[in-house]
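Asker: Pasting the sequence and the predicted coordinates here, then a few questions.
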Amino acid sequence: MAPLVVQTTYMFAAGILAEAVLGFLGVGFPPDIPIWGSILAEGRSVFQRAPWTIIFSGLFLAVTILAVNILGDGLRDRLDPKLSRVARVSA
């Protein structure tokens, strides 16, 4: 069960990143739907005057993907009986 949960969270993070890349390239959702990729693409034209449009949306994208991956690792540690047995022996 643990490897399946970890794989699911990694694929979820990869899906978020793929959606952002497609939105950045303009082949994702329609332009009127605000997604990270389209926000980053639109921020390129105003980067000199408003760099926070790219910085914050890129930072939030990275933090979200990192949080999903850390959640998967935490669930793996919680669900894997081999890891919990090793932690009890070494403690």
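Answerer: Okay, I see it.

Asker: Work out for me the element the spatially most central residue of the chain sits within.
Answerer: Of all residues in the chain, the one closest to the mean position by Cα atoms, centre = their mean is Ile65, 1.7 Å from it. Assigning secondary structure by DSSP states H and E places Ile65 in helix 52-79.

Asker: shaky segments in the protein?
Answerer: Along the chain, segments meeting pLDDT under 70 span 81, 83-91.

Asker: distance between the helix holding Ile65 and the chain's centre?
Answerer: Relative to its chain's centre, helix 52-79 lies at 5 Å (Cα atoms, centre = their mean, to the nearest Å).

Asker: Mind listing what's buried along that helix?
Answerer: By neighbour count on 16 or more other Cβ atoms under 10 Å, the buried set for helix 52-79 is 53-54, 57, 61, 65, 68-69, 72, 75-76. (Each C-beta comes from the backbone N, C-alpha and C, glycine too.)

Asker: Rebuild those residues as TSV, extending it with distance to Phe29.
Answerer: Formatted as TSV, the buried residues of helix 52-79 follow (distance: Cβ to Cβ, whole Å):
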residue	distance to Phe29
Thr53	18
Ile54	19
Ser57	15
Leu61	15
Ile65	18
Val68	20
Asn69	24
Gly72	25
Leu75	29
Arg76	32
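
Asker: Nearest residue to the residue nearest to the centre of the chain in space, please, no chain neighbours.
Answerer: Nearest non-adjacent residue to Ile65, counting by Cβ to Cβ, 6 or more residues apart in numbering: Ala13, 4.7 Å away.
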